[in-house]
Structure formats: C-alpha cells, structure tokens
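1. any chance you could fold what I've pasted below:
(2 chains)
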There are 2 protein chains.
Amino acid sequence: MHRTKVKVVQDALDANNTIARANRDDFDRHGVKVVNLMSAPGAGKTSLLERLLAEPTGELRIGVLEGDVHGSVDADRLAGLHVPVVQLNTDAGFGGECHLDANMVRSALPALPLHEIDLLVIENVGNLVCPAEFRVGEDARIMVSSVTEGEDKPLKYPLMFRACELVLINKIDLLAHIEFDLDRFLYHLDQVHPDVERMQVSARTGEGVDAFRQWMAKVGQRERALA
Amino acid sequence: MHRTKVKVVQDALDANNTIARANRDDFDRHGVKVVNLMSAPGAGKTSLLERLLAEPTGELRIGVLEGDVHGSVDADRLAGLHVPVVQLNTDAGFGGECHLDANMVRSALPALPLHEIDLLVIENVGNLVCPAEFRVGEDARIMVSSVTEGEDKPLKYPLMFRACELVLINKIDLLAHIEFDLDRFLYHLDQVHPDVERMQVSARTGEGVDAFRQWMAKVGQRERALA
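-> Below is the predicted model:
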C-alpha cells in the first residue's frame, strides 16, 4: 500500500519535471529568467513585490504570475504597478491545490507576454511544504520567512529552507514588539541549509528592499548556467 | 487526464473518510472528544496550547497529538505541561505530507493513552489548504488566523475558513504595531463563513484564552451529536 503510494508520487514528480523542462525551454527561447517566490500564507510575498516593483530593477522588464487557491486579491494589488500580471487559480476541482506545479504554470504561459519581459516572478501558493517539491522551470527560488512565524520554522519545514537560493527574513520592523531571536533563527537556518544567502527586509518600511532588488537584477542578467 | 486525477483524489478522500470513521469509533469507545487545530505555519497553535494547558479546563483531562512534517519541536515545548503528548511526523518518504490524514492519526492511536484522557487536541501541520480536506475523526475543527497574516486570508483560503467551527484571531497584542483592519478581516470572514464563532486572543499576553478554554470545555463535555 505504502509502496504503491510512493510509486504514484514518484511518477507524478517525474512527470512534473518533464513539463518543467518544457517551460524552461519556452522561457529560454524568449530570454526570460524566472524566480519562484515561496512562503507561508501571510509572510509578505505580495507586499515585497509591491515594494520591489515600485522602483526600476536596472533595465529589467518584470512580469508576475500570481498563484492562489482562489480569487485575484494579489493580482489586483499589483495591477496598478504597470507590469504584466497574470492570475492563476488552483481551485478547480477540489478544495484547491496547495502549490503550483509545472503543468499549472504551463497552462498560464499563453497569457504571459514573454516577449515583453526579462524576468518573471512566480508567486507560489502560500505553503511551506509542497511548493518545495515541484519545480516549475525556474532559475532561482526565494523563500520568504516572516519573523512573526517564529525561530523554529527551518527545523519544522527543512525541505523548503533547503530548496531555495535566497531566504528573505521579512517584517523585521516588528522585531521590537515580538520575542524573536534572530541569532537562533539563523542558527536553525544554518543547520538545514548552511551558508544559504539571506537578507533581512521589511516590506512595510522598505528596509533591505534595495539589496533584494539588486539580487533580482543579478538573476535577470546572468547567463543560464546554474540549477 | 484531469478527469483521471479527479477520480484518484475522490477515491483518496473516500478512503480517508472510512478511516476517519474508524478513528471516531475508537474515540467514542473511550469517551474521548477530539479537536482538530489548524492554521498557517507560525500562527501560534502551539503557543495557544501552552496557554490553554497552563490552567485546568474544568475537570477535563487533555491529551495532545502533535503533527509536523519534521522534528519534535512542538511536542518538546509541551512536554513540561504534564499532559500526554505524542509527536507524529509526516516526512516519511518524500518531502513530507502537508497535512494529517485519518490514516496517519490512526497510526498514532496506539501511542495515545485514550483511556486516560477526555479531550484530544490534534495539532495539524501548518498549512491553510489541505488539512481542511482531510477529516481525521474529530468532533470540532478550530482554525487559528494570526493578525500578522493580513485581512485577505479568508478570501484566499476559503475552504479552510469554512471547514471550522471556531476561528481564533491570534496575536492581537500586535494590532497597535501593524496595519491590520480587524473589521475588514471579519467582513471577509463573514463572506466565506457567515456567523462562524470567532474569538480574539493573544497567546503572548493570555488575552482571550479563558474564553477559548471555556469553548474547549464545552466540546469536551457535550454529547456526541454534531458533525
């Protein structure tokens, strides 16, 4: 019984990787770099994007694919920022998929003006488990962890903290008002993903967002070599 | 393709419900009421349990089943509170299941001293999507939403906010330090689950925890009739 389930999941992940490679080929053909932005619900992914998009990122033309179980709250928030935004909902069928997979992203490609953008940000469904297991054809993965979530999150969701090239520690404007031991968080982070790049940011005050923007600029400019 | 997937998921949910009923029969046989506690990662489920368990809940003997992808951080936190605590990890096999299902809970039953408790609290994996789809044999479901997660969460994760009998609005001690419009959150909540019971609480200051404790006492005492 358990072995059958393992087989089914393995097949599903293999199928996903095949489609992720097809997405990748399409992105390459258009010279588009892609970032997969992941976090728990309410960690501030959309607020960080609002801050990021409020100023230019070098010469990069950025587009956004918003993944949500339901609704278009996030896409609506970004709609005024004069960048192409496409909303992708995962709620067809059941209660909704808890992550984006390569096939869902593939289904959104026709709606994306790939010839008009250099960098696509895919905002994943808020979830610290499954998004880490499904590549969608991205160049880099960013994980946003809010200080309000506590220091233990790397220990409890190790795969997510391993499956990223950058950890954004968000809501640092609240550090004075909560019991969050940043050193302890970083110690836990290093236990599961030693030396992963990390930045302290506040989507609310804008602190650290310039450094984040520079990081994004580098991803947008670099040659397709990694991952 | 999509229809096949629908069928597979439907079968899985049917199988889950069958096992949930078996759990339920076991709980009934021991006269144990069960609460399924759900939230996003870092919303404060464990902190609320620490507060709850710090004082007696009427005459109820409470036990806890801690669900996590990985590790025993939460069970360790509760270990000093002199209640039976069992840790259940979901990470066998892949990156880990993003929710508890009835079969996982069933596998933990032998470790639980059901004859010594009246109320079992099952702390689910932090996730706002899949836990809502899998009953585990519980009497009631509580969903914890932290004010730091934003007012839009009911709109973005409607199934989760529908699939519960109580919404705990946690971290209200931070209201003075963030932009969170409580009226707006409640308006969104009423859009997806009108009149669901809701309480404002702070695991940090203890505000509202007495009302939560009274609610739990009622669940522990009531006759098996609902759900």
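
2. ok, which stretches of chain A are strands?
-> Assigned by DSSP state E, chain A shows strands spanning A:33-39, A:62-68, A:85-89, A:119-123, A:140-146, A:166-170, A:197-200.

3. got a list of contacts for the fifth one?
-> For strand A:140-146, contacts defined as Cβ atoms under 8 Å, 6 or more residues apart in numbering or on different chains pick out A:33-40, A:42-45, A:48, A:153-154, A:160-161, A:163-171, A:185, A:219, A:226-227, B:42, B:148. In this view, the C-beta of every residue, glycine as well, is placed from N, C-alpha and C.

4. just the buried residues of those residues.
-> Neighbour counting with 16 or more other Cβ atoms under 10 Å in any protein chain shown marks A:33-40, A:42-45, A:48, A:153-154, A:160-161, A:163-171, A:185, A:219, B:42, B:148 as buried within the contacts of strand A:140-146.

5. right, and residue A:74 touches residue A:46 too?
-> Yes: Residue A:74 lies in contact with residue A:46 (Cβ atoms under 8 Å); the separation is 4.6 Å.

6. which residues are in contact with residue A:159?
-> Per Cβ under 8 Å, 6+ apart, neighbours of residue A:159: A:129, A:132-133, B:69, B:95-96.

7. got the buried residues for stretch A:211-227?
-> Quick answer for stretch A:211-227 (16+ other Cβ under 10 Å): A:212-213, A:215-217, A:219-220.

8. just how off-centre is it within its chain?
-> 14 Å (Cα atoms, centre = their mean, to the nearest Å).

9. ok so, going back, show me the buried residues of stretch A:211-227 that map onto helices.
-> Under the assignment DSSP state H, the buried residues of stretch A:211-227 contribute A:212-213, A:215-217, A:219-220 to helices.

10. between the residues you listed, which sits nearest chain B?
-> Relative to chain B, the closest of these is residue A:212; by Cβ to the nearest Cβ it sits at 19.7 Å.

11. need the longest helix for chain A.
-> Longest helix in chain A, counting by DSSP H: helix A:2-29.

12. give me the spatial nearest neighbour of residue A:153, chain neighbours excluded.
-> Spatial nearest neighbour of residue A:153, excluding adjacent residues (Cβ to Cβ, 6 or more residues apart in numbering or on different chains): residue A:145 at 5.7 Å.

13. geometric centre of chain A: which residue is closest?
-> Geometric centre of chain A, nearest residue: residue A:37, 0.8 Å, by Cα atoms, centre = their mean.

14. give me the below-cutoff pLDDT ranges for chain A.
-> Applying pLDDT under 70 to chain A picks out residues A:1-5, A:93-95, A:223-227.

15. residues in contact with the closest residue to residue A:36 other than its chain neighbours?
-> Counting by Cβ to Cβ, 6+ apart, residue A:36 lies nearest to residue A:138, which is 4.0 Å off, once chain neighbours are set aside. Residue A:138 makes contact with A:34-36, A:122, A:227, according to Cβ under 8 Å, 6+ apart.

16. next one: residue A:17
-> Per Cβ under 8 Å, 6+ apart, neighbours of residue A:17: A:102, A:135.

17. tell me how far it lies from residue B:14.
-> As judged by Cβ to Cβ, to the nearest Å, residue A:17 and residue B:14 stand 30 Å apart.
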